[in-house]
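S.K.: Give me a model of this one.
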Amino acid sequence: MQGDKRSSTMTKLWPDANRALDGIVRDGMLLAIGGFGLCGIPEALIHALRETGVRDLTIASNNAGVDAWGLGELLQTRQIKKMISSYVGENAEFERQYLHGEIEVEFSPQGTLAERLRAGGAGIPGFYTRTGVGTLVAEGKEHKDFDGMTYILERGIRADLALVKAWKADLHGNLIYRRTARNFNPNAATCGIVTVAEAEIILEPGQLDPDEIHTPGIFVHRLVHNPMPDKRIEKKILREV
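M.R.: Sure, this is the predicted structure:
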């Protein structure tokens with residue numbers, strides 16, 4: 001980031017992730033957090049969330065990170081009460097807590113979870129899908145037939161707080177995601193009552209091509225600059241030479 005980018009009267013940029021979460025986090029919140037595995041996770045904001053010490057969190061996110069990184073940080077400190085996820089592998093601490101009844105899990109098929117986040121952001125309280133019919137996912141949910149086929153009702157997710165990771169942003173909060181790091185981030189960004197984003201590159205208003213913006217700044221309330229994220233590889237597979 002070149003110069004003092006806080007000169008704009010409409011800037012949403014905060015000095016750091018810790019101060020960006022100040023006053024907007026509390027015990028028992030429902031959060032939507034972007035990312036897929038370790039790709040596109042708002043790592044600085046997750047770390048700052050851990051530092052706040054808030055507890056009994058329900059988190060809607062594709063997965064729970066890995067041991068000691070990503071959402072795995074919050075598992076270590078026992079700050080998560082419930083996960084709404086489609087995949088919870090690669091995390092031994094999550095497995096241990098789940099098998100000991102220390103954490104609750106609501107499994108949601110990946111496409112269904114993405115649509116639940118999108119629906120919440122679009123003001124849609126629920127929708128019907130065929131995914132999960134006849135499985136444990138459908139237990140306790142309303143069933144309805146359309147054109148001779150059975151569907152189940154899924155609820156949209158409206159989160160108290162959304163944390164997302166962008167590649168580029170301007171001071172008004174307009175966001176661009178990079179390639180597969182786009183994943184769940186756009187849907188999470190729109191479904192938060194309050195949304196905080198971290199970005200690698202911060203630009204002045206007008207420097208982003210409007211046709212390339214994925215999340216308009218109207219959805220983003222606070223912004224954090226994280227120019228050197230620790231982009232860890234979730235699983236390394238090496239071939240023998």
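
S.K.: max-length helix in this structure?
M.R.: The residue-count maximum for a helix in the chain (DSSP state H) belongs to helix 110-121.

S.K.: got any ranges where this protein has weak pLDDT?
M.R.: Residues of the chain meeting the criterion pLDDT under 70: 1-9.

S.K.: My guess is Ala188 contacts Val164. True?
M.R.: Yes. At 5.4 Å, Ala188 counts as touching Val164 under the criterion of CB atoms under 8 Å. C-beta: built from backbone N, CA, C; applies to glycine.

S.K.: Tell me the residues that contact both of those two, please.
M.R.: Taking CB atoms under 8 Å, 6 or more residues apart in numbering as the contact criterion, the common neighbours of Ala188 and Val164 are 33-34, 195.

S.K.: which residues does the residue nearest the centre of the chain bridge with?
M.R.: Nearest to the geometric centre of the chain sits Ile33, at 1.5 Å (CA atoms, centre = their mean). Beta-bridge partners for Ile33, by DSSP bridges, are Leu163.

S.K.: Name all residues that make contact with it.
M.R.: Here Ile33 is in contact with 41-42, 46, 59-61, 71, 162-164, 188 (criterion: CB under 8 Å, 6+ apart).

S.K.: neighbours of the residue lying closest to Ala68 once chain neighbours are set aside, just the number please.
M.R.: Nearest residue to Ala68 in three dimensions, chain neighbours excluded: Gln76, at 6.1 Å (CB to CB, 6 or more residues apart in numbering). Using other CB atoms under 10 Å, Gln76 has 14 other residues around it.

S.K.: what do you get for Gly156?
M.R.: As a burial measure, Gly156 scores 18 neighbours (other CB under 10 Å).

S.K.: wait, doesn't it sit right on Gly120?
M.R.: Yes. Between Gly156 and Gly120 there is a contact under CB under 8 Å: 3.9 Å.

S.K.: Touching both of the two, which residues are there?
M.R.: Residues touching both Gly156 and Gly120 by CB under 8 Å, 6+ apart: Cys191.

S.K.: how much space between Ser85 and Ile157?
M.R.: 12 Å (CB to CB, to the nearest Å).

S.K.: More neighbours: which of those two?
M.R.: Shown here are Ser85 and Ile157; by other CB under 10 Å, Ile157 has more neighbours (24 against 20).

S.K.: and the more buried one, which of the three is it?
M.R.: Secondary structure, DSSP: H, G, I helix; E, B strand; the rest coil: Ile157 is coil.

S.K.: and it, what is it in contact with?
M.R.: With CB under 8 Å, 6+ apart, Ile157 has these contacts: 30, 32, 60, 84, 116-117, 119-120, 191.
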